[in-house]
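Trainee: missing the sequence, but the structure's below:
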């Protein structure tokens, strides 16, 4: 569906979202942001805030309307992606392929925008558990050949302390530091040490090998015993809350592919520096999921919910220079 600002103001995007059989009808609407009367633009912004569909603006518009939309392709601030390669067709294809994940992601980003971090992480996890039981993730999982559970590692995380400085290194380079159970638990243990010792005033987080972290270990996807336990492991047993609480003391030094958890967790750090070869990608929607390692909370607090939605819907790798311009990272290392 493609509509004008006046159409949006008149309710054109508010038709029923669900077809009689329960399938999603027109989950994404593009809006032509040609100049409109200010009163019409104000009504359109109000409609956009109440709309159930993903609204993608094309062009430029009044700031209030830009903020009310879910994303704008064109010049602008945090609400916009100004990239010739950014295509409404790519976004539409991604949303059409996985409408449940796409719409739930949009709702989570809007709902948690002003929430305290701990509560927002709970909302993210509730949504993630919902999608783990959904048809889109089941389809993705069924299409994958079985993978053996990764072997245990002697030292999945390395610790080194020098006075008040604790260095934490993800140490599964043979798996590109995939964020599996063993590495996650070891990272949580290391962060707990820092959280419990006020004498540790500086924490540096790194990754060994060619990638800082390639995201969740795909061999373990769908392995949780049940969805309720999975929620508690992600939140109370996860690393996101700890990094957020330690943020003022943490610098993440990332490099290579930073996928999923590989940017969701570092985004909570007080400072993130990236090697020039770093790229950042959120692939979860293509799997019928949403970012579930804190990315719907940590990343929007750096780059806004609009660009976070773009990264997650398209799965497009964001290079280090763009990440710096968006403030996803705070500096680039040679």
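Mentor: Received, thanks. Bear in mind the structure is a predicted one, so any value in this text is a computation, not a measurement. Residues are numbered from 1 along each chain as shown.
Trainee: so how many other residues sit close to residue 38?
Mentor: Here the number of neighbours of residue 38 (other C-beta atoms under 10 Å) works out to 11. (Each C-beta comes from the backbone N, C-alpha and C, glycine too.)
Trainee: so it touches residue 61, yeah?
Mentor: No: under the contact definition of C-beta atoms under 8 Å, residue 38 does not touch residue 61, with a separation of 10.8 Å.
Trainee: buried sites along the lowest-mean-pLDDT helix or strand in the chain?
Mentor: One helix or strand of the chain scores below all others by mean pLDDT, DSSP states H and E: helix 227-235, with a mean of 83. Buried residues in helix 227-235, defined by neighbour count with 16 or more other C-beta atoms under 10 Å: 230, 231, 233, 234, 235.
Trainee: now what about that helix, what contacts it?
Mentor: Here helix 227-235 makes contact (C-beta atoms under 8 Å, 6 or more residues apart in numbering) with 121-122, 125-126, 128-130, 132-133, 224, 241, 292-293.
Trainee: in this protein, which residue is closest to the centre?
Mentor: With distances taken as C-alpha atoms, centre = their mean, the chain has residue 295 as the residue nearest its mean C-alpha position (3.6 Å).
Trainee: which ones are touching the closest residue to residue 188 other than its chain neighbours?
Mentor: Of all residues not flanking residue 188 in the chain, residue 239 sits nearest, at 5.4 Å (C-beta to C-beta, 6 or more residues apart in numbering). Applying C-beta under 8 Å, 6+ apart to residue 239 gives the contacts 184, 187, 188, 191, 265, 293, 294.
Trainee: now swap in residue 186 and tell me
Mentor: Contact partners of residue 186, counting by C-beta under 8 Å, 6+ apart, are 156, 157.
Trainee: gap between residue 205 and residue 310?
Mentor: Counting by C-beta to C-beta, to the nearest Å, the gap from residue 205 to residue 310 is 26 Å.
Trainee: Likewise for residue 121?
Mentor: Counting by C-beta to C-beta, the gap between residue 121 and residue 310 amounts to 22 Å.
Trainee: quick one on the thing from earlier: any idea of the pLDDT on the residue nearest to the centre of the chain?
Mentor: Per-residue confidence (pLDDT) for residue 295: 97.
Trainee: Just to check, it is in contact with residue 268?
Mentor: No: with contacts counted by C-beta under 8 Å, residue 295 stays clear of residue 268, the gap being 9.8 Å.
Trainee: what angle separates the helix or strand containing residue 184 from helix 227-235?
Mentor: Here residue 184 is covered by helix 181-196, with elements defined by DSSP states H and E. Orientation check (axes from the mean of the first three to the mean of the last three C-alpha atoms, to 10 degrees): helix 181-196 against helix 227-235 gives 50 degrees.
Trainee: The stretch 51-200 of the chain: helices as residue ranges?
Mentor: In chain order, the stretch 51-200 of the chain shows helices spanning 63-68, 88-97, 99-111, 117-132, 135-142, 181-196, with DSSP state H, counting those that start in this stretch as the criterion.
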